[in-house]
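In: no sequence on this one, just coordinates:
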């Protein structure tokens, strides 16, 4: 099984604006972690600009360049002149989990199919170039049960792995729930196996209600 890799994602919604031949192009880009989030992002931007001539969009959910969960729409522009150029810009950006909406207010001058394709691609590329990014680190939730002495060693190991402790409770033993970088999981389990009963990993159903 391939360990999910780190990759850049938008850190927040970012917006730019361009005027081309009197048409106003407003480009909104932002983070989306699922197809549902991407669709909600598109709908939210559309609600902001209900009087726009077009609201073209594209999204890539997953690592940069991954085509497993993508979407696009020309939104009334000639076929292939908006959604596809926008999607190609996203796929080639080196950024994952990202959606883009280009809102157009028509200024009365037709750009032609080639001009439209170049403009929509350029708008997305420009917005992405100025968009703040952060690094996505795939995480896995693990539940631990430890003796008090084992909990001290576990805490040291979790700190070293870059884990985030979500919950800790004390009784006859220490119960701890943490999110661990998935790239560190195998190594952590290997080290903990050497501690015997001092630290045990508890079974956990990721689908159980929180």
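Out: Good, I have the coordinates. Predicted model, so just to flag it, every value in this text is computed and none were measured.
In: is it true that residue 76 touches residue 57?
Out: No - contact criterion C-beta atoms under 8 Å: residue 76 and residue 57 do not qualify, at 11.8 Å. C-beta: built from backbone N, CA, C; applies to glycine.
In: out of those two, which sits in the busier spot?
Out: Applying other C-beta atoms under 10 Å to residue 76 and residue 57 shows that residue 57 carries more neighbours, namely 27 against 11.
In: tell me which strands whatever helix or strand that one lives in pairs with, and in which orientation.
Out: Under the criterion of DSSP states H and E, residue 57 resides in strand 54-60. Here strand 54-60 has these sheet partners by DSSP bridges: strand 70-73 (antiparallel), strand 98-105 (antiparallel).
In: angle of the next helix or strand after the shortest one against strand 54-60?
Out: Once strand 70-73 ends, the next helix or strand along the chain (criterion: DSSP H and E) is helix 83-91. Here helix 83-91 runs at an angle of 40 degrees relative to strand 54-60 (axes from the mean of the first three to the mean of the last three C-alpha atoms, to 10 degrees).
In: so that it lines up with my notes, have the first residue be 241 from now on.
Out: All right, first residue 241 from here; so that's helix 323-331.
In: return the set of buried residues in stretch 425-439.
Out: 425, 428, 432, 435, 438, 439 (16 or more other C-beta atoms under 10 Å).
In: quick check: mean pLDDT of that stretch?
Out: Taken as a whole, stretch 425-439 has a mean pLDDT of 92.
In: end-to-end on that stretch?
Out: 15 Å (C-alpha to C-alpha, to the nearest Å).
In: so who does the residue lying closest to residue 255 once chain neighbours are set aside touch?
Out: Spatial nearest neighbour of residue 255, excluding adjacent residues (C-beta to C-beta, 6 or more residues apart in numbering): residue 268 at 4.9 Å. Contacts for residue 268 (C-beta atoms under 8 Å, 6 or more residues apart in numbering) come out as 253, 254, 255, 285, 340, 341, 342, 343, 367.
In: tell me which element residue 268 falls in.
Out: In the assignment (DSSP H and E), residue 268 maps to strand 263-271.
In: adjacent strands (with direction) for that strand?
Out: strand 254-260 (antiparallel), strand 338-345 (antiparallel).
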